[in-house]
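Colleague: What follows is a predicted structure for the sequence shown.
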Amino acid sequence: MDRVGKGIVMQRLGAFMVGVLVGAAALLAVKGHDLDLLYLQIRKLRTENAQLQEEITSLKKDFLDKQKQSIRKVRRIEVDVKAPDEFTKLAIARHLKSRMHPLINKELGYLESDPQLVTQLIEGRTYTYENQVYQLKVEAVFIGETLRIWVFAGKQTTGT
């Protein structure tokens, strides 16, 4: 090959190399943009995933809290009676405990949703002990695993 032929080959080879470089740069620009979009999408999905994980954790906690609440039940009933004497106190307390016995093993949510239920079962009722009638008045109720009730038993007077 002569010098002119080598020059044309070198020229074509140079043009080819420039074409390869321009094509590679164009391909890099197009694919680089696509990679940027994919990277942005990955970041968005990771953020969404983190938010969903927090929501799952919160829902699990709420579920466990609800489960614990549903497990809480009335285990014991304590009645504190204010009455004229100790025998009357014991008799009325025993009567009220037997009257409240169906509430044992009830879920606390049942009583918490209607806190007046216990009061309504006792308030204004009368109890007769040794030929004396006592009017029952609920002073306080504490709803918990130990249901505590404070009751005043006053002698009912008969009008003449």
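Modeller: That came in fine, so what should we check first?

Colleague: per-residue pLDDT, the residue most central in space within the chain?
Modeller: Closest to where the C-alpha atoms of the chain average out (CA atoms, centre = their mean) is Asp62, at 2.6 Å. On pLDDT, Asp62 comes in at 86.

Colleague: Equivalent analysis for Gly14, please.
Modeller: 87.

Colleague: Measure how buried it is and give me the count.
Modeller: Using other CB atoms under 10 Å, Gly14 is surrounded by 10 other residues. All C-beta spots, glycine's among them, are computed from the backbone N, C-alpha and C.

Colleague: 152 is where my numbering starts, stick with that
Modeller: Right, with 152 as the first residue, what we last looked at is Gly165.

Colleague: In this structure, where is pLDDT below threshold?
Modeller: Along the chain, segments meeting pLDDT under 70 span 152, 220-221, 309-311.

Colleague: would you list every one of the strands in the chain?
Modeller: Using DSSP state E, the strands of the chain run over 227-233, 277-280, 283-293, 297-306.

Colleague: could these go into JSON lines alongside distance to Leu186?
Modeller: Formatted as JSON lines, these follow (distance: least, CB to CB, whole Å):
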{"stretch": "strand 227-233", "distance to Leu186": "68"}
{"stretch": "strand 277-280", "distance to Leu186": "85"}
{"stretch": "strand 283-293", "distance to Leu186": "66"}
{"stretch": "strand 297-306", "distance to Leu186": "66"}
